[in-house]
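Participant: 3D, please:
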Amino acid sequence: DETKQIAQTLGEIGIGELECGIPAMGKEEQASVKALVDLGLDARLITWNRAVASDIQASIDSGVSAVDISLSVSDVHIKHKLGKSRAWIKEQLKVALGFAKQHDLYVSVGGEDASRADLDFLVELMTIARSLGADRFRFCDTLGLLDPFATYDKVRYLADRVDLDLEVHTHNDLGMATANALAGLRAGARFVNTTVNGLGERAGNAALEEVVMALKHACQIDLALDTSRFVELSRLVGRASCRPVPDWKAVVGEKVFSHESGLHADGVLKFPGNYEGYDPAEVGLTRQMVIGKHSGRHGLQERLAGLGIALQPAELEAFLEEVRRAAQVQKRPLTDPDLMRL
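Facilitator: Purely as a prediction, here's the structure:
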């Protein structure tokens, strides 16, 4: 039920494709994927598969019409994980992709550990994939080891050499998943893998809400999604995954539009654009005036006004000193009940 609710919300927001499961895991996973297919969402549903016919058949049996077929492409994986050769990888690609296309599936060829692979070998694999009808190639920074500059260079190298749509799949092990996703798009990729709240293996993946809002406000690319539901979606996934969203989480954290320092509070009260890059309502948040150690008169006055309290200038100045002292002792901002007690 949670999976269906999340999928429906993503579809209503306008997300175009949902990677929705691994049918080869068994009957229960297949039933979950089939339940999403039965929702009749406008979004394309795609499943993850090893590059073997039995995995792909399980996806077909689940009712999807799109698959990602994943194969290891770095020499590290080919030697130390598979104990195979590059020739074996190419043959595996031909057989799996041929099987998928025999069944008229939309196919993304997933290059696991592509960020550590030989670029010319990737070009060779992409050329084979294109000749056999693949719809795109997934460039995976599986270990999250790239920086945005290297990501751009590698994706650009591939985009310049093979006429096949590229997607980027980034991990956050070094804290650069979102930046690397943007770099890949700038380099020519047309698809990007994201997860709500950045959930994923180890340190997670590029966060949906971060990538979308960064594209809009840092890159001036508006995807026309209903971003006002991002906080709703974030909280939904946080509850379902038992991983609550931190207050400081970029874009959707409760404190993203909170202002404490006197300079910032005064500036944002005069004109929000002074200290807010975009309207909090764009993602479903509201502005908060935090009252703490660094608060100033204007922020405190605004917060007190919301509580129906008006102080004379001298009273306000004296009260501000008490507020700062209490916040420093308690090592946290003061709540409305705190202020009322003071």
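
Participant: Phi, psi for Ala206 please.
Facilitator: According to degrees, to the nearest 10, the main-chain angles of Ala206 amount to phi -60, psi 130.

Participant: can you tell me how far it sits from Thr170?
Facilitator: Relative to Thr170, Ala206 is positioned 5 Å away (Cβ to Cβ, to the nearest Å). The C-beta positions use only the backbone N, C-alpha and C, and glycine is treated the same way.

Participant: got it, and Pro148?
Facilitator: The value you get for Pro148 to Thr170, if Cβ to Cβ is used, is 10 Å.

Participant: Now the common contact residues for Ala206 and Thr170.
Facilitator: Common neighbours of Ala206 and Thr170, counting by Cβ atoms under 8 Å, 6 or more residues apart in numbering, are Ala177, Thr178, Asn180, Ala181, Asn193.

Participant: Could you export these as TSV, including pLDDT, neighbour count and secondary structure?
Facilitator: As requested, these are exported to TSV (pLDDT from 0 to 100; neighbours: other Cβ atoms under 10 Å; DSSP: H, G, I helix; E, B strand; the rest coil):
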residue	pLDDT	neighbour count	secondary structure
Ala177	98	29	helix
Thr178	98	26	helix
Asn180	98	29	helix
Ala181	98	29	helix
Asn193	98	25	coil
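
Participant: Tell me if I'm right that Thr195 and Ala207 touch.
Facilitator: Yes: with contact defined as Cβ atoms under 8 Å, Thr195 and Ala207 form a contacting pair (6.7 Å).

Participant: Comparing Ala206 and Thr170, which shows the higher neighbour count?
Facilitator: The neighbour count for Ala206 versus Thr170, taken as other Cβ atoms under 10 Å, is higher for Thr170 (31 against 28).

Participant: what secondary structure does the more buried one sit in?
Facilitator: Secondary structure for Thr170, judged by DSSP: H, G, I helix; E, B strand; the rest coil, is strand.

Participant: in the sheet, who's paired with it?
Facilitator: Asp141 (DSSP bridges).

Participant: Can you report how many residues lie near the residue nearest to Ala51 when sequence neighbours are not counted?
Facilitator: Spatially, and ignoring its direct neighbours in sequence, Ala51 is nearest to Ala96 (3.8 Å; Cβ to Cβ, 6 or more residues apart in numbering). When neighbours are defined as other Cβ under 10 Å, Ala96 has 24 of them.

Participant: Isn't Ala96 up against Ser54?
Facilitator: No: between Ala96 and Ser54 there is no contact under Cβ under 8 Å: 10.1 Å.

Participant: The residue nearest to Ala51 falls within a helix, correct?
Facilitator: Yes: applying three-state DSSP, one finds Ala96 inside a helix.

Participant: Okay then, goodbye and thanks.
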